[in-house]
Each structure stands twice: as C-alpha cells, then as structure tokens.
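# Show me the folded form of this:
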Amino acid sequence: MALPVRSGDAVVRWDPFREFGDIQRQFDQVVQSVFGPVERDQAAARRTWRPLADVTESDSGYVISLEVPGFRKNEIELSVEGDTLTVGGEYALSEDGEQRHARRAGRFQYSTLLPKGVAADQVSASLADGVLRVSVPKSGETQPRRIEITEG
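Coordinates of the predicted model:
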C-alpha cells in the first residue's frame, strides 16, 4: 500500500518497502567496510568459506578445533609460514544431479596469527569425528613456572 505524499507541485507515492531497501544498502556498506565485499550470489558464496573454530589455551600451548565434517585427512592442507597458521581444503559437490545442499561446498580456508612464544616447528594435528584439532605448543621459555621466594 503506497500513500500519496506531496513533494513540491507533484504528488509522489510513498513506498515504505523502498525504505527497507535503503536500510539494507546502508547495512551492506557498513558490513563491507568491516569485513570486505558481501556475497549475494549463492554460487559465489559456496566457492570459499571459513569453518567454525574454537581456540583454547593451556599451560603447555594452544589447541585450535575446526569443524570440517565429511573431510578426510588427505583432503586438508595445514601449513605454518612465519607467524601464520593456515588450514585449507576443498569439498566438491557430487555430480548426481542433486539440486539442494545443506552443507557448504567449495574451498575453505582458515588462517590465524600465532602468538609470540610458540614452537611453530612442533605443530601437530589430528582429525576425528569431523573436528580437526591443531596443537600449537608453547616454547619452553614462555611456559609458566612457579618461582619460590627465599628469605634473606
């Protein structure tokens, strides 16, 4: 339902749904300025994606747990370059004519900066139940230790 609104000499119909479009464009601009371009095309959105991840810290190091259901260990690449840890892989859709997919498909990539004081050359990973666990141990000099105070 459009309401007539007088604008100068001409009568212009007010369309409230056009304002929703303006709000959506403004929101997209804000998101783009923070996160980069917004993908509206579903095929483009499926080409690259980022798995959900949890990072936990203990006295001995960090564990990054990434959700990668349906992947086998030979389909995942893991590398450490400088202070950046990168995990990537690709999930291809089957060619059996399916039209609807609930899972993401295409290439994924997860990158994170490693904190100072980790032993990047000792990174290890394991894959079980669709969860990739990447262990990043702390180097010896950064592990906490209790220092005893003496008298005198």
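
# all helices in the protein, in order from the N-terminus.
All helices of the chain, identified by DSSP state H, fall at 16-35, 42-47.

# which one of those has the lowest average pLDDT?
Per-segment mean pLDDT for those reaches its minimum on helix 42-47, at a mean of 53.

# what's the nearest residue to the spatially most central residue of the chain if we skip its chain neighbours?
The centre of the chain sits closest to Arg50, judged by CA atoms, centre = their mean, with a distance of 3.8 Å. Take Arg50 and drop its neighbours on the chain: the residue closest to it by CB to CB, 6 or more residues apart in numbering is Tyr110, 5.8 Å away. All C-beta spots, glycine's among them, are computed from the backbone N, C-alpha and C.

# Also Pro137?
Here the residue nearest Pro137, using CB to CB, 6+ apart, is Gly61, at 3.9 Å.

# Contact partners for the residue nearest to Tyr62 when sequence neighbours are not counted?
Nearest residue to Tyr62, sequence neighbours excluded (CB to CB, 6+ apart): Val136, at 4.5 Å. Contact analysis of Val136 by CB atoms under 8 Å, 6 or more residues apart in numbering lists 61-64, 85, 114, 118-120, 123.

# Low-confidence regions, the chain specifically.
The chain contains residues with pLDDT under 70 at 1-12, 34-47, 93-104, 141-145, 149, 152.

# those strands in it, which residues are they?
In the chain, the segments counted as strands under DSSP state E are 3-7, 10-14, 48-49, 53-57, 61-67, 76-81, 84-91, 106-113, 124-128, 131-137.
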